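Undergrad: I would like to see how this sequence folds:
(chains A and B)
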Number of protein chains: 2
Amino acid sequence: MTITKPLTDLDIAYGAALKPIAEIAEQVNIPDDALEQYGRYKGKIDPKKIPGEPYGKVVLVTATNPTPAGEGKSTVTIGLADALKQLNQKVMVALREPSLGPVFGIKGGATGGGYAQVLPMEEINLHFNGDFHAITTANNLISAVIDNHIHQGNQLNIDPRRIIWKRVLDMNDRALRKVVVGLGGPTQGVPREDGFDITVASEIMAVFCLATSIEDLKERLSKMLIGYTYDRQPVFVRDLGIEGALTLILKEAFKPNIVQSIEGTPALVHGGPFANIAHGCNSLIATQTARKLADIVVTEAGFGADLGAEKFLNIKARKGEFHPDAVVIVTTIRALKMHGGAEKSELAKENIEALSNGIPNLARHIETVRNFGIEPVVALNRFITDTEQEIQTLLNWAKLNNVRIARTNVWEEGGKGGMDLAKQVLEVLDEPKQFAPLYELSDSIEQKITTIVQKVYGGIGVEFSNQAKKQLKQIKENGWDQLPICMAKTQYSLSDDPTLIGRPIGFTITVREIIPKLGAGFLVCITGDIMTMPGLPKAPAALRMDVDEKGNAIGLF
Amino acid sequence: MTITKPLTDLDIAYGAALKPIAEIAEQVNIPDDALEQYGRYKGKIDPKKIPGEPYGKVVLVTATNPTPAGEGKSTVTIGLADALKQLNQKVMVALREPSLGPVFGIKGGATGGGYAQVLPMEEINLHFNGDFHAITTANNLISAVIDNHIHQGNQLNIDPRRIIWKRVLDMNDRALRKVVVGLGGPTQGVPREDGFDITVASEIMAVFCLATSIEDLKERLSKMLIGYTYDRQPVFVRDLGIEGALTLILKEAFKPNIVQSIEGTPALVHGGPFANIAHGCNSLIATQTARKLADIVVTEAGFGADLGAEKFLNIKARKGEFHPDAVVIVTTIRALKMHGGAEKSELAKENIEALSNGIPNLARHIETVRNFGIEPVVALNRFITDTEQEIQTLLNWAKLNNVRIARTNVWEEGGKGGMDLAKQVLEVLDEPKQFAPLYELSDSIEQKITTIVQKVYGGIGVEFSNQAKKQLKQIKENGWDQLPICMAKTQYSLSDDPTLIGRPIGFTITVREIIPKLGAGFLVCITGDIMTMPGLPKAPAALRMDVDEKGNAIGLF
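TA: Coordinates of the predicted model:
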């Protein structure tokens, strides 16, 4: 008897035959002089050297609210593109870059899984082409210049107690959440409270992902708010005079990265802002570059449709002046059973009742997408323990409610497992649609938030803490109220209470704090404890990592 | 009348016609599959894919003690290699990578200057291929894991007051020198004092630059000392169990970077440890890889011969089991005049007396190199204000003392300006020599330091502070006394007093502290205030930086 160990994502990734990246680039006619190779299988594309205008249709992949069961949104995104390629479509994928910090913390990839992965996964998960390191450097140069400015005489009159710009590291490091810097006497700077966020939470990451050009990047960097003076006047990066240096630090990183899926579909993997305190999608420059090169661009947004898709549609699509022509909502039987009250340990058992109770979570996200004027396709991502009766229950519900649904099995089968989904997506792409963002920028802040709560979360309305009310007033006085809203809410619930899974109703959302992100160009509305610097677990994934004698990675997912 | 602005190094760099990096690699027969391109003009070489044994002869370039006048050591290193190439030699350069932090602080390049530069200088000075970012990440993962370990129950019994491992950033940021981390209550970690060094001061940088293979890298990382338990037992990285993860983080960075000089000479630019608290040379793997590829490898060591060359010869060459076949000592008339008492503002005036008073500094370094069994060649690096009488004074002194000397003018002329030096170096390479390190590893620590003080600095002997005496005892008890010595001394003087320029005599060196660097494999002996985290000046260089409409750098030197 032979005992076979199940293949890990890393095993599958190393087993794949990669094509030279120049060959991948050729598939979508990237001009030779626009491609810069980074090693054999990675590259960067200079967007200035890609001719033409963006024309490709966009397929946005989103999901039901995440559960510990896992939904496989990135996996479906990649598998769908591979399926479209098998159907002879000129297609590209656009994805977020993974953050290095969590890689050392808790097992879990961000480059798809099984036979629907982007490769080389170990390099994409580690450093990649250095973009996040460049963002870390730019972010921390601002901090160094702020502290140096104060130390050297503080001509700008910056109040050290009112600096809102924090340092960052791409590391899960809870001990850096709250620190005191500048200790050690008069030659070591001015003591003050500070803290470190993880790099993906830096406003520079959001700026990087919404900028339309290097010039726009610089303009946005210059507008970032870093704190206030002793007489409460805002201080911006442009007051420090370092927007040029920041742009210089970021100029190579700003070129989208090109890699390939296991099936050789070209993928742009670029930028990765948080989906709570930021908008949670890959860079706009990558999406638009892909739209110049391919007829169809499959992309994803972070967390569930209430966070990622809402922001993709109200923030990113608005800034980019485009809209998706299809939206896919990924879900699993397991996830819906959890939303219906099943315990994680019981998910292997058939449970029609829990499934039925969980379906309303999916229903809510379908309504949301319809509210934007787009008819979604549900991707039911197969898991080995799904029973035929469970699957039929969901399919029947979909039929009854005129919901398009397709079964996917891309983890095991790659593009072949996404064929049904791809065909339905192609149908939707050809249908006429009337997309519109849910609110106008000229609406009041209160109105914009209320619209999101009612039309996306399915709640009643919004309340503001006293602090938020004060900030609301200040924001209006400063004339910053014409910006879109970036809700920072728990991803686990449609409400602001992470324990309210399924489809809660009758709730209100409480905005505790409103943070103007003037470079990114949105107002972050904090509705709960949002973790901007994760910690490591008791036994971090780092303990299992190594390099084998061939120089290959071990223990990376 | 036309007013012409003098060309900057950046102007000259952008004016140069670069060859594709594959063409550069071909010059020294680097196998196709060993070269990984990073953009068009940079690459990494996989040392495992370079056949054969190191055979090339090594030319070490060092200098008199640095002065504010500047000596041009990197410039001469590059220009000498270009001259050797013009003489049809199969030659490579091996240099240190510049640190990003100082780039934003004070104008001053680390990639040569004028027509003796390595290119693309703006990319080498910014991020390069991400090596330092990888080292930053590895260093800070150790810190995160230490703090997490203590937070999660502290099974290893680590005393938070006795952690010697500090965090790092590749940034000049004085406010991070002394910090308190872990504030904010029980869920945010355990409060303790900490500090940040600049990345080049991380022990990982020294380890990276002395490791002979990826396996040796891992072994050295595992041996790094991070602190002590409550009962004063040493705690190592291996006790944390993350040497595999650290190796994984560093595995791509560990491949030497290949670039080119303006004249197309292949250059490996890799690693860059401090020359005070570390040994100050490019990576051993880069030197040895270059020695497999070229007949002659021209390389440099940090600061003057008392620091860089001493450590190159006693630490790096010993570990690498090779020795240089020629040593070049770079000096300038201006620098010698400063050593002889001239003010910086007076350097444009002829001053034979100051020059004569400064020559003993050069003489001391010549004796040092001779003490190692090698006959040096002095490179007199031309400056526009040098008078013919000054030059003749030095040449006459050299003739009288049987010192080989060559005039160089590489900043203006590139390789052509290094022709005389190259010819003399070729003569020396062919002479027989009897190299030996100055001390045996089995000598006592006191003996090893005394040897360096007497045979390199020209001093009398060494004294130890009470703290150093205590550490000496502890190091012997732990059996760590068989390691080479890494002196952390001011670079400005042969003594430990930075104001004693020229050639001081009759002095003793005071060792204040001895820090065992068990991964790097040396004992750092601190003899003064060594700055391991620089600060920014009042008007940082960052203020002048920008990106032009073509996407080129502005204001970078």
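Undergrad: any stretches of the stretch 101-250 of chain A with poor pLDDT?
TA: Within the stretch 101-250 of chain A, the stretches with pLDDT under 70 are A:107-109.
Undergrad: recalculate using a threshold of 90.
TA: For the stretch 101-250 of chain A, the stretches with pLDDT under 90 are A:105-110.
Undergrad: repeat that for the stretch 251-400 of chain A.
TA: For the stretch 251-400 of chain A, the stretches with pLDDT under 90 are A:275-276.
Undergrad: with the stretch 451-557 of chain A instead?
TA: For the stretch 451-557 of chain A, the ranges with pLDDT under 90 are A:528-531, A:549-551, A:555-557.
Undergrad: residues contacting the residue of it at minimum distance from chain B?
TA: Residue nearest to chain B within the stretch 451-557 of chain A (CB to the nearest CB): A:Asp546, separated by 3.2 Å. Glycine gets a C-beta too; all of them are placed from N, C-alpha and C. Residues near A:Asp546 by CB atoms under 8 Å, 6 or more residues apart in numbering or on different chains: A:Ala553, A:Ile554, A:Gly555, B:Gly244, B:Ala245, B:Thr247, B:Leu248.
Undergrad: show the contacting residues for A:Ser261.
TA: A:Ile78, A:Ala81, A:Asp82, A:Val93, A:Gly112, A:Ala116, A:Gln117, A:Val118, A:Leu119, A:Ala267.
Undergrad: may I see the residues you listed organised as a markdown table, with neighbour count, secondary structure and distance to A:Lys316 added?
TA: Below are the contacts of A:Ser261 laid out as a markdown table (neighbours: other CB atoms under 10 Å in any protein chain shown; DSSP: H, G, I helix; E, B strand; the rest coil; distance: CB to CB, whole Å):
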| residue | neighbour count | secondary structure | distance to A:Lys316 |
| --- | --- | --- | --- |
| A:Ile78 | 33 | helix | 20 |
| A:Ala81 | 34 | helix | 19 |
| A:Asp82 | 30 | helix | 24 |
| A:Val93 | 34 | strand | 16 |
| A:Gly112 | 30 | strand | 21 |
| A:Ala116 | 35 | strand | 24 |
| A:Gln117 | 30 | strand | 25 |
| A:Val118 | 26 | strand | 20 |
| A:Leu119 | 24 | strand | 26 |
| A:Ala267 | 30 | strand | 18 |
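Undergrad: of all these, which two lie farthest apart?
TA: A:Ala81 and A:Leu119 (13.5 Å; CB to CB).
Undergrad: just to revisit the earlier point, neighbour-wise, which of the contacts of A:Asp546 leads?
TA: Each of the contacts of A:Asp546 was scored for neighbours by other CB atoms under 10 Å in any protein chain shown, and B:Ala245 scores highest at 28 neighbours.
Undergrad: wait, that residue touches A:Leu543, no?
TA: Yes: applying CB atoms under 8 Å, one finds B:Ala245 in contact with A:Leu543, separated by 7.4 Å.
Undergrad: show me the strands in the stretch 401-550 of chain A, by range?
TA: Secondary structure of the stretch 401-550 of chain A, counting by DSSP state E, counting those that start in this stretch: strands at A:404-408, A:461-464, A:485-488, A:508-511, A:513-517, A:522-526, A:546-547.
Undergrad: got the domain ranges for chain A?
TA: When chain A is parsed with automatic domain parsing, its domains come out as A:9-130+A:253-429, A:131-250, A:445-527.
Undergrad: closest to chain B out of the contacts of A:Ser261?
TA: A:Leu119 (15.2 Å).
Undergrad: so what's that closest one up against?
TA: Applying CB under 8 Å, 6+ apart to A:Leu119 gives the contacts A:Ala13, A:Ala16, A:Leu18, A:Tyr41, A:Thr111, A:Val259, A:Gln260, A:Ser261, A:Ile262.
Undergrad: how about A:Gln434?
TA: So A:Gln434 contacts A:Gly373 (CB under 8 Å, 6+ apart).
Undergrad: could you do A:Ala83 as well?
TA: A:Val410, A:Gly415, A:Lys416, A:Gly417, A:Gly418, A:Met419, A:Leu421, A:Ala422.
Undergrad: work out for me the element it sits within.
TA: A:Ala83 belongs to helix A:73-86 when assigned by DSSP states H and E.
Undergrad: tell me the mean pLDDT for that helix?
TA: Per-residue pLDDT values across helix A:73-86 average out to 97.
Undergrad: that older thread, show me what the residue of the stretch 451-557 of chain A closest to chain B is bridged to.
TA: Beta-bridge partners recorded for A:Asp546 (DSSP bridges): A:Ile554.
Undergrad: returning to that earlier point: pipe the contacts of A:Asp546 into JSON lines and attach distance to B:Ile285 per row.
TA: Formatted as JSON lines, those follow (distance: CB to CB, whole Å):
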{"residue": "A:Ala553", "distance to B:Ile285": "20"}
{"residue": "A:Ile554", "distance to B:Ile285": "22"}
{"residue": "A:Gly555", "distance to B:Ile285": "24"}
{"residue": "B:Gly244", "distance to B:Ile285": "19"}
{"residue": "B:Ala245", "distance to B:Ile285": "20"}
{"residue": "B:Thr247", "distance to B:Ile285": "14"}
{"residue": "B:Leu248", "distance to B:Ile285": "17"}
